[in-house]
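Visitor: just the structure for this:
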Amino acid sequence: MTTSFALLILSMAACAWLALMGIREHRDAMACRHRLLDEAVSLLFEAEITIGPDQFPIATGRIADGRRVKIELIGDSMITRRLPQLWLRVTLYDSGTYRRPLIGALARPTGGEYYSLVHDMREWMAPPKTGTSMLMRGDGSVTPWQAERVLGHFSTLFADPQVKEAVISPNGVRIMRQAAQGERAAHLFLRQSRFVIASVPVEDISTAIAMAGTLAEVLPESELAPVTEAA
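Guide: Here you go, the predicted structure:
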């Protein structure tokens, strides 16, 4: 009886220790996740970092010309036959005073991109010719010259294999590109998404912001109709 009781106590202690270690490991992992966008602060004015429901950080602020920018991270582990992906998403806002169409492209679409804006657009469009599969869609308001300009830019933009999605909208533009790829061992054996970076390099964030800035200039305001009060 004494031996059985001792074994029970030892088993309970071991379970408690494992639970404690699991909680500590999860807490440390979330703390590391919260620091992934720390490098973004040096690039922004009025910078602020908040933590989203998925525990990934969100950086907001303004770039040098005063436009607002939002920088996010998205963990994607929906496709089981590949390693998890960490996407860096940059949204650059404009005044919204000009009539921009809604148009975007998605590289290597699988249908599982829950974070994609392109899947929600109603009109299919012929994608640019690149070395990878593409999905391009819009809201039906794009004019022929706008489609030609955007298509030409997308052909160049998606030559970068790290670019996942690009969108032009009435309120601004969005660029999504790869920030990191999941650790193979953690994914294969533990089915976990672990990204072996302490923070997204400032060069990667700067590149994504620059890409968004260039995308915003594809349809210049001088060639767009203003939004009137009646509209």
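Visitor: ok, then the element right after the helix or strand of the chain with the lowest mean pLDDT?
Guide: Least confident helix or strand of the chain, by mean pLDDT, DSSP states H and E, is helix 184-190 with a mean of 45. Downstream of helix 184-190, the first helix or strand assigned by DSSP states H and E is helix 202-216.
Visitor: list the buried residues in that next one.
Guide: 204-205, 207-209, 211-213, 215-216 (16 or more other CB atoms under 10 Å). In short, each C-beta sits where N, CA and C put it, glycine included.
Visitor: as JSON lines, those with distance to residue 106 and pLDDT would be great.
Guide: Output for those, formatted as JSON lines (distance: CB to CB, whole Å; pLDDT from 0 to 100):
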{"residue": "204", "distance to residue 106": "20", "pLDDT": "96"}
{"residue": "205", "distance to residue 106": "21", "pLDDT": "97"}
{"residue": "207", "distance to residue 106": "19", "pLDDT": "97"}
{"residue": "208", "distance to residue 106": "16", "pLDDT": "97"}
{"residue": "209", "distance to residue 106": "20", "pLDDT": "97"}
{"residue": "211", "distance to residue 106": "15", "pLDDT": "97"}
{"residue": "212", "distance to residue 106": "16", "pLDDT": "97"}
{"residue": "213", "distance to residue 106": "21", "pLDDT": "96"}
{"residue": "215", "distance to residue 106": "14", "pLDDT": "97"}
{"residue": "216", "distance to residue 106": "19", "pLDDT": "94"}
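Visitor: which regions of the protein sit below the pLDDT cut-off?
Guide: The model of the chain has pLDDT under 70 over residues 1-2, 5-31, 78-82, 182-194, 228-231.
Visitor: how about the spatially most central residue of the chain, phi and psi?
Guide: When CA atoms, centre = their mean is applied to the chain, the residue found nearest the centroid is residue 89 (3.1 Å). Here the main-chain torsion angles of residue 89 (degrees, to the nearest 10) amount to phi -120, psi 120.
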